[in-house]
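Chemist: Here is my input, please return the structure:
(chains A and B)
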Amino acid sequence: MCAEKLKNMRESNLIEWYNEVVLNAEVADFSEAKGFTVYRPYGYAMWEVLEEYLDVKFKAKGVKNTYFPLLIPEYLLKKEASHIKGFAPEVAWVTKGGDRDLDVKLAVRPTSETIMYDSYSRWVKSYRDLPILLNQWNTVVRWETKETRLFLRGREVLWQEGHCAFADNKSAEENTLDMLNIYKGAMEELLAVPVLVGRKSEAEKFAGAVATYTVETVLSNNFASQAATSHNLGQNFSKAFEIKFIDNNNQWNYVYQTSWGMSMRALGIMFLVHGDNKGLILPPRIAPIQVVAIPILNGKDDKMILKYANDVVSAIKSDGIRCELDSREGYTPGWKFNEYELKGVPIRLEIGIKEASAAKVSVKKRNEKEKTTLELKNIKMLKVALDEMQANMLKEARKSMESRIIIEKDTKNVISILKSAGAIVKTSWCGTEKCEETIKEKTGATSRVIPLENEKLISDKCTFCGDDAKYNAYFGQSY
RNA sequence: GGGGUGGUGAUCUAGCUUGGUAUGAUGCCAGACUCGGGCUCUGGCAGUCCUGGGUUCAAAUCCCAGCCGCCCCA
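Modeler: The predicted structure is shown next:
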């Protein structure tokens, strides 16, 4: 892709930029099945890093991995009323086996609560069987009818879904917040994307949940995007699915449940938050290639340069850094520079005769303009540089996020800002579904997140309807 | 549902008014180049011109029907 094409595109049309970059950086691709994404090795490698990070954190909380069926019989899906109501419009159905019609329609799971909780109801008899702490890495299908977007909105979602059951509500709530905290960590520590943490409104919460918690992000076009959610399901599902146990007082009780999920979408958000007009900029911790070394040959010292470059790369690898040497022939160094900038590789080393003969390397960081040089004996400094870059990216992203949030209580202003996606607005709100519906009609925006802490109200009255305000909340357009 | 607009190698594109089997670029392959920012040069590869039908000696081009995409309106 020529640089001209990307010029200023990020500022003028973030989504167009995003598509160009994700496709050309070979992160993901469209497929012939409309709305279904192909994750290419470079993109999938990032998912593997995220997966490993989360898996370790989940297991530290006692969660074990499991696998449940892809298909869910219709009657199971219908057991919890608000759940099916929420998902019905986007469920894909299997109605035939070969050319025979099925007696019972099978839903391709849009999420696995129902099929899992049916099993839970048979597994739980006593308080000794609790808690159940399970997670699965899988995909779910939701038949989106709006335009699909790579990573952000696809019909098949690659994710993890955790499903826990407890003897009491306190444990369930604690688990919900624990997981929310893990998601916050993944976004901020790993992806260097700052998040707003809090609760979803009645209208925005998960179908069948008592409370939904979210980590919400803010993009450079002032749209918000939900990166992960954690739900306290209370006893809604356990009552529908008869998940009962006898407690230590010989009393029957329904379990308290949670479910929580993070998907590939988190990566899409990261791309949107960190790129520039040359392409992606990957935070070092998620980057499949953290350092790329490009040999610059001159025709007469090639052997020596390549040997030196290989030695350098080995030394870097032995420090635990994901480092590659790109010695492909037929591509000029300039071509490779552009290629790796597009792919967002954090650090590029240039190794030619100048470097090889002086025992040093030229270093170019993806997020800085100037090239520097580094003595080979100090090569361990790359690790420090990567850590610094990771920290700086989060800092910069946080600054950017904060600059896009406006605290405002003037109704007219708020409406006009929301309508034009001029910012994310924090304001005081009554929190009712009816009020949110009106806001959506007027502006296209929705409530994104309600802070967890008890904050001082920006105003006593709801900015939108004038009733008594209950809490402050963030509003905005969203993907 | 109504209206508009488009469909040409893997990708983008010219040609269509005025019919004569397709233009250029990117790409891919082979090679050259003191290969330090997508360089340059040589040769080659690559197309059911969305599908079906019609008109014609002859259709990417004109006509009809259909399919698919995008935009606008309901």
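
Chemist: so residue A:310 makes contact with residue A:326?
Modeler: No - with contact defined as CB atoms under 8 Å, residue A:310 does not reach residue A:326; the gap is 12.0 Å. Using the backbone N, CA and C atoms, a C-beta is placed for each residue, glycine as well.

Chemist: More neighbours: which of these two?
Modeler: Taking other CB atoms under 10 Å, residue A:310 and residue A:326 do not tie; residue A:326 has more neighbours (18 against 15).

Chemist: wouldn't the more buried one be in contact with residue A:336 here?
Modeler: Yes - look at residue A:326 against residue A:336 with CB under 8 Å: they come within range, at 5.7 Å.

Chemist: For those two, list the residues in contact with both.
Modeler: Counting by CB atoms under 8 Å, 6 or more residues apart in numbering, the residues touching both residue A:326 and residue A:336 are residue A:294.

Chemist: burial count for residue A:343?
Modeler: 22.

Chemist: From residue A:366, how far out is it?
Modeler: Going from residue A:343 to residue A:366 by CB to CB, to the nearest Å gives 9 Å.

Chemist: try residue A:351
Modeler: 17 Å.

Chemist: Could you do residue A:140 as well?
Modeler: Applying CB to CB to residue A:140 and residue A:366 gives a distance of 34 Å.

Chemist: State the pLDDT value of residue A:435.
Modeler: Looking at residue A:435, its pLDDT reads 96.

Chemist: Spell out which residues sit in contact with it, please.
Modeler: Contacts of residue A:435 (CB under 8 Å, 6+ apart): A:429, A:462, A:464-465, A:467.

Chemist: Chain A against RNA strand B: which residues are in contact?
Modeler: With CB under 7 Å from any atom of the strand as the criterion, chain A meets RNA strand B at residues A:1-3, A:34, A:147, A:278-279, A:296-300, A:329-330, A:332-335, A:337-339, A:341-342, A:350-355, A:362, A:364, A:371.

Chemist: Pull the distance from stretch A:406-424 to the chain's centre.
Modeler: Stretch A:406-424 sits 26 Å away from the centroid of its parent chain (CA atoms, centre = their mean, to the nearest Å).

Chemist: actually stretch A:472-479, sorry about that
Modeler: With CA atoms, centre = their mean, you get 17 Å for stretch A:472-479.

Chemist: does residue A:244 have beta-bridge partners, and which?
Modeler: residue A:254 (DSSP bridges).

Chemist: What residues sit buried inside stretch A:441-461?
Modeler: Neighbour-count burial for stretch A:441-461 flags A:443, A:445-450, A:457-458, A:461 (criterion: 16 or more other CB atoms under 10 Å).

Chemist: still on that earlier bit, so what sits against both of residue A:343 and residue A:366?
Modeler: What both residue A:343 and residue A:366 touch, as defined by CB under 8 Å, 6+ apart, is the set residue A:282.

Chemist: which other residues reach the longest helix seen in chain A?
Modeler: Identified as the longest helix of chain A according to DSSP state H is helix A:381-403. Residues from elsewhere that reach helix A:381-403 (CB under 8 Å, 6+ apart): A:188, A:192-194, A:196, A:217-218, A:220, A:273-274, A:281, A:283-285, A:290-291, A:316, A:319-321, A:346-347, A:363, A:365-367, A:374.

Chemist: just to revisit the earlier point, and the contacts of residue A:435, which are buried?
Modeler: A:429, A:462, A:464-465.

Chemist: Can you pick out the most distant pair from these?
Modeler: A:429 and A:465 (8.9 Å; CB to CB).

Chemist: Please, a PyMOL command that selects the buried ones among the residues of chain A next to RNA strand B?
Modeler: Filtering these down to the buried ones (16+ other CB under 10 Å) takes a single PyMOL command:
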select buried, chain A and resi 278+279+296+297+337+338+339+341+342+350+351+352+353+355+362+364
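
Chemist: Can you name the residue of the stretch 351-479 of chain A nearest RNA strand B?
Modeler: residue A:352 (2.5 Å; CB to the nearest atom of the strand).

Chemist: Can you list the low-confidence ranges for chain A?
Modeler: Scanning chain A for pLDDT under 70 picks out the ranges A:1-7.

Chemist: tell me the domain ranges of it?
Modeler: Here the domain parsing of chain A from automatic domain parsing is A:3-274, A:291-385, A:405-476.

Chemist: What strand or helix carries the residue most central in space within chain A?
Modeler: Central residue of chain A (CA atoms, centre = their mean): residue A:266, 1.3 Å from the mean position. If you go by DSSP states H and E, residue A:266 is part of helix A:265-274.

Chemist: which is the next helix or strand following that helix?
Modeler: Past helix A:265-274, the next helix or strand by DSSP H and E is strand A:291-295.

Chemist: in its sheet, what does that next one sit against?
Modeler: As assigned by DSSP bridges, strand A:291-295 forms pairs with strand A:323-325 (parallel), strand A:347-351 (parallel).

Chemist: Tell me which of those sits most buried.
Modeler: Of all the strands paired with strand A:291-295, strand A:347-351 carries the top mean neighbour count, a mean of 23, counting by mean count of other CB atoms under 10 Å.

Chemist: List the contacts of that one.
Modeler: A:284, A:290-296, A:305, A:308-309, A:312, A:333, A:337, A:340-341, A:361-366, A:371, A:382, A:385-386, A:389.

Chemist: Now stretch A:36-48: buried residues?
Modeler: Counting neighbours by 16+ other CB under 10 Å, stretch A:36-48 gives A:37, A:39, A:42-47 as buried.

Chemist: from the middle of its chain, how far away would it be?
Modeler: 13 Å.

Chemist: and residue A:45, how far is that from RNA strand B?
Modeler: 20 Å (CB to the nearest atom of the strand, to the nearest Å).

Chemist: can you pull the buried residues of stretch A:306-319?
Modeler: So for stretch A:306-319, counting by 16+ other CB under 10 Å, buried means A:306, A:308-309, A:312-313, A:315-316.

Chemist: Let's have those in CSV, adding secondary structure.
Modeler: Formatted as CSV, the buried residues of stretch A:306-319 follow (DSSP: H, G, I helix; E, B strand; the rest coil):
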residue, secondary structure
A:306, helix
A:308, helix
A:309, helix
A:312, helix
A:313, helix
A:315, helix
A:316, helix
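
Chemist: Present those as JSON lines; the columns should include distance to residue A:87.
Modeler: Converted to JSON lines, the buried residues of stretch A:306-319 look like this (distance: CB to CB, whole Å):
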{"residue": "A:306", "distance to residue A:87": "57"}
{"residue": "A:308", "distance to residue A:87": "59"}
{"residue": "A:309", "distance to residue A:87": "54"}
{"residue": "A:312", "distance to residue A:87": "53"}
{"residue": "A:313", "distance to residue A:87": "49"}
{"residue": "A:315", "distance to residue A:87": "53"}
{"residue": "A:316", "distance to residue A:87": "48"}
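
Chemist: thinking again about what came up before, take the buried ones among the contacts of residue A:435 and keep only those in strands.
Modeler: Among these, the residues falling in strands (DSSP state E) are residue A:429.

Chemist: nearest to residue A:421, of the buried ones among the contacts of residue A:435?
Modeler: residue A:464 (17.3 Å).
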